[in-house]
Every structure is written in C-alpha cells, then in structure tokens.
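Trainee: sequence unknown, structure follows:
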C-alpha cells in the first residue's frame, strides 16, 4: 500500500527581531547591523541581506523628499514611509524616527504620536533625539508600552543649536555630560541608544557603562552595532558625505549610465525590440489586417 505523500511544508517564517533580542546580542558580544530604509524595495533588499534593524530615519527628509534639513519632514510623511517599510520585511526590527515637532510639545503629545507609529505605521519601536526634556517623553512613551531608542551626540534636529553638523563631545567636560545623558536615557527606559559623531573613546566608554546596546554612526568600532544611511552605503548621495561614511557601491554612476543607455536606445529606435512586445493570438493578426483594409 502506497503511503500518501505529505504536503510540502512552507519554509519557516523567520522570527522578527525584538528589542530584548538586541539586549541579548549585546550580552553575547554579537554586533548589531542596522541601515536606514524608506521604501519597500530597499526594505526587502536589506531584509534579504540579513540586517538586524531598519531605521526609517528622518534623514528621508533630505535623501528622499528633497528638503534642506530633517526638521521639515512631517509625521504624516514619516508614517507613509514607515508603512512602506513594515509591509515589506519579515525579520528586522523596524524603528521609526519621530520627526521634529512630534514629541517636543508635551509628554501627552509624544505618546499620541508614538502610538501612531506603532498602530498605524506598524513599527516595532520609535526613536527620539536628545536628552534633557526628552527624558520625560521617553519615560511616558515607554510607560505606554512602546519601545524607545534614544539618540545623543550629533542630533540633526537640533544641529543649529549645536553649532552645525559637527562632531560632539570633543572636550572632557562635554564627554562627561554626554555620558551622563546616556545613563539618564537608559534610566528613562530606552532599550538602545544611537551615538552619532562622537570620538571613538567616548563611545567606547559609554558602551562599556550601559547595559543597553549602543548603535554607532561616526562613533568608532567599539559600539554594540552600527547604522548608516542607505544612500550613503550605496553611493547614491549627491554632494558632501560625512567622514564616517564607507561607500560599499557606486550605484549613482551605474544608474546614470544605465539611464543614459536607455535614453539613447529610445531615441535611436533600438528599444523596444521584438522580445519586448506582445504578439496577437494565432490567426488573429490576419483577421485584424483584413478588417483594417475593409475599413478603408
């Protein structure tokens, strides 16, 4: 008697990375790989590459939306980008950047907007810049059951107040202040902390001090993980690129070359070719041609 063949099982769905898993990775010495993403194709590619986290960063203001700075992007715009990313990934932890004006007003408003990023945007966590008054915002959002990633050092939303886009904590007093801010954010409930544009020795000291993972961007090799902007990694950024960026491809050049070839093919008639067109059903072309003659 033949045995019935059991139906093929679908591949196991990968487990979504969570904030507790990041903390476990820190304890076990596993580095966390993170990159920004702002749309579905980018998110899918990053997921396939095995990243542990995707940051829907407010850097989208400049890289995607054409603004001059991060402060101009709105909550609705960030929600649209967040939804595009979360609909398209299976494994990485998706962190949504809360843009300028979405959490500065009050704790209540901060919670309200954070809820939108989780409920409407599908994010697994939100990110807030700064310390100081941000501490109560972090505590309020965490109190509402939403994981929060902190961000200190160079905080682009307050770049004007910091004197521009420049490295921070380069004096002993500033480094001590930054370390205190990091500890305060951990105490407020942050599950992780972005350290941007600070000396490597300062980032290393903070990383050793904190129980939560640190994610560096221009903060040296001793952080628990790293994050870079998608367009910087792939060589798609026009103009100045920060010193801490490592380009892993030059897609701007290859993309421009491909588009120039396309334009040339269209103008010279080399595209489309026969293989790019659809034939009629068998015998239908003759009927069509006869009908065309009859209509004359």
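Mentor: Happy to help now that I have it. Owing to the predicted nature of the structure, the values given are computational and were not obtained by experimental measurement. Numbering: from 1, shown residues only.

Trainee: all the helices of this protein, residue numbers only.
Mentor: 19-27, 40-49, 60-63, 75-86, 107-119, 134-143, 172-188, 200-209, 230-233, 251-268, 284-295 (DSSP state H).

Trainee: quick check: which of those is nearest to residue 244?
Mentor: With C-beta to C-beta, the closest approach to residue 244 among the helices of the chain belongs to helix 230-233: 9.2 Å. C-beta: built from backbone N, CA, C; applies to glycine.

Trainee: residue 234 and residue 251 touch, don't they?
Mentor: Yes: counting by C-beta atoms under 8 Å, residue 251 is a contact partner of residue 234 at 4.6 Å.

Trainee: between these two, which is the more surrounded one?
Mentor: Applying other C-beta atoms under 10 Å to residue 234 and residue 251 shows that residue 234 carries more neighbours, namely 20 against 15.

Trainee: that one: what's it in contact with?
Mentor: 247, 248, 249, 251 (C-beta atoms under 8 Å, 6 or more residues apart in numbering).

Trainee: could you report the pLDDT at it?
Mentor: Looking at residue 234, its pLDDT is 98.

Trainee: tell me the phi and psi of it?
Mentor: Reported as degrees, to the nearest 10, the phi and psi values for residue 234 are phi -100, psi 10.

Trainee: still on that earlier bit, which one of the contacts of residue 234 sits closest to residue 229?
Mentor: residue 247 (11.0 Å).

Trainee: endpoint to endpoint, stretch 182-200 covers what distance?
Mentor: 15 Å (C-alpha to C-alpha, to the nearest Å).

Trainee: how far away from the center of its chain is it?
Mentor: Centre-to-centre, stretch 182-200 and its host chain are 18 Å apart (C-alpha atoms, centre = their mean, to the nearest Å).

Trainee: average pLDDT across it?
Mentor: Across stretch 182-200, pLDDT averages out at 98.

Trainee: least trustworthy helix or strand in this protein by mean pLDDT?
Mentor: Ranked by mean pLDDT, DSSP states H and E, the weakest helix or strand in the chain is helix 284-295, scoring a mean of 79.

Trainee: the spatially most central residue of the chain bridge partners, please.
Mentor: Computing the C-alpha centroid of the chain and ranking residues by C-alpha atoms, centre = their mean puts residue 36 first, at 2.3 Å. Counting by DSSP bridges, residue 36 is bridged to residue 55.

Trainee: surely it is in contact with residue 56?
Mentor: Yes: between residue 36 and residue 56 there is a contact under C-beta under 8 Å: 7.2 Å.

Trainee: let me see the contact set for residue 226.
Mentor: 31, 32, 33, 34, 215, 216, 217.

Trainee: contacting residues for the fourth one?
Mentor: Each residue near residue 34 by C-beta under 8 Å, 6+ apart is listed here: 51, 52, 53, 54, 55, 215, 225, 226, 227.

Trainee: read off the pLDDT value for residue 280.
Mentor: The model's pLDDT for residue 280 equals 93.

Trainee: give me the neighbour count for it.
Mentor: Residues within reach of residue 280, counting by other C-beta under 10 Å, total 10.

Trainee: same question, residue 271
Mentor: The burial count for residue 271: 13, using other C-beta under 10 Å.

Trainee: residue ranges in the stretch 101-250 of the chain under the pLDDT threshold?
Mentor: Applying pLDDT under 70 to the stretch 101-250 of the chain flags the ranges 159-164.

Trainee: if we go to 80?
Mentor: 159-165 (pLDDT under 80).

Trainee: hmm, back to that, and the contacts of residue 226, which is closest to residue 63?
Mentor: When the contacts of residue 226 are compared against residue 63 (criterion: C-beta to C-beta), the nearest one is residue 217, at 14.1 Å.

Trainee: what residues are bridge-paired with that closest one?
Mentor: The partner residues for residue 217, given DSSP bridges, come to residue 196.

Trainee: now do the contacts for it.
Mentor: Applying C-beta under 8 Å, 6+ apart, the residues near residue 217 are 194, 195, 196, 197, 226, 227, 228, 244.

Trainee: circling back to that earlier point, from the contacts of residue 226, which land in strands?
Mentor: Among the contacts of residue 226, the residues falling in strands (DSSP state E) are 32, 33, 34, 215, 216, 217.

Trainee: and the residues you listed, which is closest to residue 275?
Mentor: residue 33 (39.7 Å).

Trainee: do you know the pLDDT at the closest one?
Mentor: Note for residue 33: predicted pLDDT of 98.
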